[in-house]
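J.: Here is my input; please provide its structure:
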Amino acid sequence: MDDTTQVEGEPLIKPSSTEHPLYDSVVDACRTVYDPEIPVNIYDLGLVYTITINDESEVEILMTLTAPGCPVAGEMPGWVAEAVEPLPGVKHVNVGMTFDPPWGMEMMSDEARLELGFM
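T.: Coordinates of the predicted model:
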């Protein structure tokens, strides 16, 4: 079985390291990065799928874009890494990109929906 095969009962998006002491500050840093075409940060848009932080405080972020043809596709991972890397305690940041599962409007937070007039 390869990594793309869905196992029944397994979430489409791997869970984040929400219990790690750095998790909240990494989320806050992600909230400082905006999609230039939408006035909402990438975290509340639902573009950050997984934040994994290991015992060595190395941060792995898996994210997506609103569309594969997004004009900032090549730059966005760098913006996220630049926002997270300076945080106290973070040793290293790696930002990966995926389009599986594809982003959908249902992934937005209630705050993002309100900001964009969908509520």
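J.: Buried residues of stretch 62-71, list them for me.
T.: 62-66, 70 (16 or more other CB atoms under 10 Å). To be clear about C-beta, it is placed using only N, CA and C from the backbone, and glycine gets the same treatment.
J.: so which of these comes closest to residue 83?
T.: Using CB to CB, residue 63 comes nearest to residue 83 of those, at 11.8 Å.
J.: Which residues does the lowest-mean-pLDDT helix or strand in the chain contact?
T.: Taking mean pLDDT, DSSP states H and E as the measure, the chain has helix 110-115 as its least confident helix or strand, at a mean of 89. For helix 110-115, the external contacting residues (CB atoms under 8 Å, 6 or more residues apart in numbering) are 39-40, 44-46, 105, 119.
J.: same thing but at 6 Å, please
T.: Helix 110-115 is contacted by residues 40, 44-45, 119 when judged by CB atoms under 6 Å, 6 or more residues apart in numbering.
J.: Where does the residue lying closest to residue 64 once chain neighbours are set aside sit: helix, strand or coil?
T.: Of all residues not flanking residue 64 in the chain, residue 103 sits nearest, at 4.8 Å (CB to CB, 6 or more residues apart in numbering). Using DSSP: H, G, I helix; E, B strand; the rest coil, the structure places residue 103 in coil.
J.: And residue 103, how far from residue 21?
T.: Residue 103 sits 29 Å away from residue 21, going by CB to CB, to the nearest Å.
J.: Tell me which of those two has more neighbours.
T.: Higher neighbour count among residue 103 and residue 21: residue 103, with 20 against 10, using other CB atoms under 10 Å.
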